[in-house]
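A.B. asks: what would the 3D arrangement of this be:
(2 chains)
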Amino acid sequence: MPNLNYTFLLLIFSLYQFWTGPGESPEYQAEFKPYNQEIPGTQVAFEMMPIPAGEFSMGSESGDFPDESPLHKVTLDAFWMGAHEVTWDAFELFLDKNYELAISETPLSEEVDGLTRPSLPYLDMTFGMGKEGKPAIGMTQYGAIQFCRWLYLKTGIFYRLPTEAEWEYAARAGTETKFFYGDDSGKLSDYAWIASNSEGTTQKIGLKEANPYGLYDIYGNVMEWTSDQYEEDFYANSTDENPQNPSLQLYPRVVRGGSFKHSKEEISSSRRYKSDPKWKQLDPQIPKSQWWFPEAPFIGMRLVRPFETPSDEEIEAYYSREPIPDY
Amino acid sequence: MKNPKTRRDFLKASALASGALITQPFTLHGAYAAPDNHLKLALIGCGGRGTGAVFQAFDTGQPIKLVAMADAFRDRLDKSLEPILNKYGADKVDVPEERKFVGFDGYKQAMAEADVVILATPPGFRPMHFEEAVNQGKQIFMEKPVATDAAGIRKVLAAAESAKAKKLNVVVGLQRHYQNNYRETIKRIHDGAIGDIVGGQVYWNDGGVWVRERQPGQTEMEYQMRNWYYFNWLCGDHITEQHVHNIDVANWVKKGYPVKAEGTGGRQVRTGKEHGEIFDHHVLTFTYEDGSVIHSECRHFPGASNRVDETFQGTKGKAYLSAGNHGILTDWSGNSIYDHDRENNPNPYQQEHDELWAALVNGEYKFADAENAAKSTMTSIMGRYATYSGKVITWEEAMNGQVNLFPETLSWDAMPKIVPNEDGYYPHAIPGKTKVV
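C.D. replies: Numbers count the residues shown, from 1 in each chain, chains lettered A, B, ... in the order given. Below you'll find the predicted structure:
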């Protein structure tokens, strides 16, 4: 069934390209298809999946969670999304320049060399759950965006976090049910690492069934950062075209997807979660780290690349927002 | 605070119930009884951790006023005061220019302004700061580790005795002692839940910590003070600065300190000029008086697997502990004996202050953490002596060590004992060659 869906979607993608023609950006006329992004100078690579432009109903009227209502129409431009959550294999290269230097087959560019990196965490940010093939965890939204900047400097391609709307649209993959496979939360453990099957730890990426867009672990394993501020009643006021709610306050910000610690009742395509200052209470320093949540082993990230590459100024503006001090 | 007497009685009762160390009441001279009813606090060492400790002190909700601050560097002091003042306000933060003490010697004057001191400089200074605080009769919170060499340990142990005689509360930031999973699990181990402890493994393996780059115009002393993690007179190597937490858990579980250490260490991946003289890995065995052996491992290898936790094996079962609130006891058939609930545990960094300040406000003498902290720090130093020398080091040899790492003179123009060669690299220990004790 997933294969059938996938073939169908590829067909749609081809048609989409036919209708829309190549992107208008002069620098970028990439074919809109899945691709493998290598991180230059390293053996590390990751897959990006095309998510076609379209319209969907965002939210839910189930009444279980008032912040998911009202159900409202949203139209989105096309983008690619990471098939997987970002792993430590990639994130640790950004985290530690000496490590990146040691592992790189080519010298670092001046920009990459001069990039502001995370403070090396005093605590073990894998929380004893392992690194290889496992999602990178515990980073702040600022840290997640700075990882995107590092990747941009390495690859020349603009990567960013999904907006909340993009995340839900990609998770739904054209469905209007609670989950991309239907409404039965009892089947969630076939698609996701959640409290009942994770044994309390993150799991290697890609071991469960993907959604129709080819996104693995979109539910469970780790929650994923979006770029949006969390507002309970945002849906009542949001625009319908490429909505976003820029993060101007440090808390709360939107995370999505649930994690290895969440029960099946707590997860769905529409479920909204918010960041919490408590995730930093174990940071004994002041100011608290702008990079790490020492009590959030359940938060990770997934990349987005917009089909239309924004201007250099917009890219710079996205990456260079100063972090808000956290006390 | 409407009915202090009731509250005091309650606290005493709960202290007794939890088997607190000491319960003799004492009088805190001129402190809580002062006209404005505040305990006066001085911060010695205004880095991120010291600033964090002041936040935790205020967050106890007890009547505290920060009255003095001391740091070697003016910029660190200013960067510390700003968020404290912003968050807690001028009512609680009264540190005018004349009570900001900058340089190597200001700590004495800062302490003199206060009833309670927080000692949070790099660990190399802890012995002289602790000694002075005890001499001045202050109540004390100090960070771990408490020294970087045997000379420092001897000073801390002597001052710890004096602090007991003067009934000065001393809490040390080995915060696992204030973390519920450790308290509950180790209490059960001591009650015999997994029999006699015959072996164990303690780890702090991760990717390493911050580096401060050398800046133009810095003297060697200033550079080392800024990039202190990589110089032993200040830091003690990561086996002492960081892994002391896990080694201390082993001592706590074993109710004692090892009689000898032997092991291997070196600089494998962290070898830059900016990485000073410390090793990036130490692997050891510590042998205790009863012959049981604890394996200890710490390394700073980016890209490698991380592990920060403690495991122990007893005659009847095994234990797993971690700062992530694990506390698991299992018998040898795999049956659970105890599994600490990992959710909603208090933050140990807050808990240590909650307990200390409650005692201070109630005029109680309850905490004497310095002696154990000194001996656990000594255990880590003994481990470093073993990996640096490549030799078996006994507790007595370590404790009587005569190699003093501290500079002869503390001033910005004075030279530390460790200096770089003409290429900018620092000499480091060579096992088989280096004299450590």
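A.B. asks: list the contacts of residue 108.
C.D. replies: Assuming you mean chain A. A:G41, A:K97, A:E100, A:L101 (C-beta atoms under 8 Å, 6 or more residues apart in numbering or on different chains). C-beta: built from backbone N, CA, C; applies to glycine.
A.B. asks: actually, chain B is the one I wanted.
C.D. replies: Shown in contact with B:K108 (C-beta under 8 Å, 6+ apart): B:E132, B:Q136.
A.B. asks: so which of the contacts of A:L108 are in helices?
C.D. replies: Using DSSP state H, the subset of the contacts of A:L108 located in helices is A:K97, A:E100, A:L101.
A.B. asks: would you confirm that B:A414 contacts B:P407?
C.D. replies: Yes. The pair B:A414 / B:P407 is scored as a contact, 5.8 Å apart, by C-beta atoms under 8 Å.
A.B. asks: one step back: any of the ones in helices among the contacts of A:L108 buried? List them.
C.D. replies: Among the ones in helices among the contacts of A:L108, those scoring as buried are A:K97, A:E100 (criterion: 16 or more other C-beta atoms under 10 Å in any protein chain shown).
A.B. asks: format the ones in helices among the contacts of A:L108 as CSV; extra columns: pLDDT and distance to chain B.
C.D. replies: Below are these laid out as CSV (pLDDT from 0 to 100; distance: C-beta to the nearest C-beta, whole Å):
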residue, pLDDT, distance to chain B
A:K97, 92, 10
A:E100, 95, 9
A:L101, 93, 10
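A.B. asks: quick check, nearest of the ones in helices among the contacts of A:L108 to A:L161?
C.D. replies: Each of the ones in helices among the contacts of A:L108 was checked against A:L161 using C-beta to C-beta; the closest is A:E100, at 21.6 Å.
A.B. asks: what does the stretch 301-437 of chain B put close to chain A?
C.D. replies: With C-beta under 8 Å from any C-beta of the partner chain as the criterion, the stretch 301-437 of chain B comes near chain A at residues B:302-303, B:305-309, B:322-324, B:347, B:349-350.
A.B. asks: pick out the most distant pair among those.
C.D. replies: Spatial extent of these (C-beta to C-beta) is set by the pair B:G303 and B:Q350 at 33.6 Å.
A.B. asks: ok so, going back, neighbour count winner among B:A414 and B:P407?
C.D. replies: Shown here are B:A414 and B:P407; by other C-beta atoms under 10 Å in any protein chain shown, B:P407 has more neighbours (18 against 13).
A.B. asks: surely that one touches B:W233?
C.D. replies: Yes. The pair B:P407 / B:W233 is scored as a contact, 6.7 Å apart, by C-beta under 8 Å.
A.B. asks: please enumerate the shared neighbours of B:A414 and B:P407.
C.D. replies: Common neighbours of B:A414 and B:P407 (C-beta under 8 Å, 6+ apart) are B:M221.
A.B. asks: which bits of chain A sit near chain B?
C.D. replies: Near chain B, when you scan chain A using C-beta under 8 Å from any C-beta, you find A:92, A:95-96, A:98-99, A:102-103, A:119-128, A:130-131, A:281-287, A:297, A:325, A:327.
A.B. asks: 7 Å - rerun?
C.D. replies: Residues of chain A lying close to chain B by C-beta under 7 Å from any C-beta of the partner chain are A:92, A:96, A:98-99, A:102-103, A:119-120, A:122, A:124, A:126-128, A:130-131, A:281-282, A:284-287, A:327.
A.B. asks: helices along chain A, start to end?
C.D. replies: Using DSSP H, helices in chain A cover A:2-20, A:88-95, A:97-103, A:110-114, A:141-155, A:164-172, A:188-191, A:234-237, A:312-319.
A.B. asks: closest to B:P127 out of those?
C.D. replies: So among those, helix A:97-103 is nearest, using C-beta to C-beta, at 32.4 Å.
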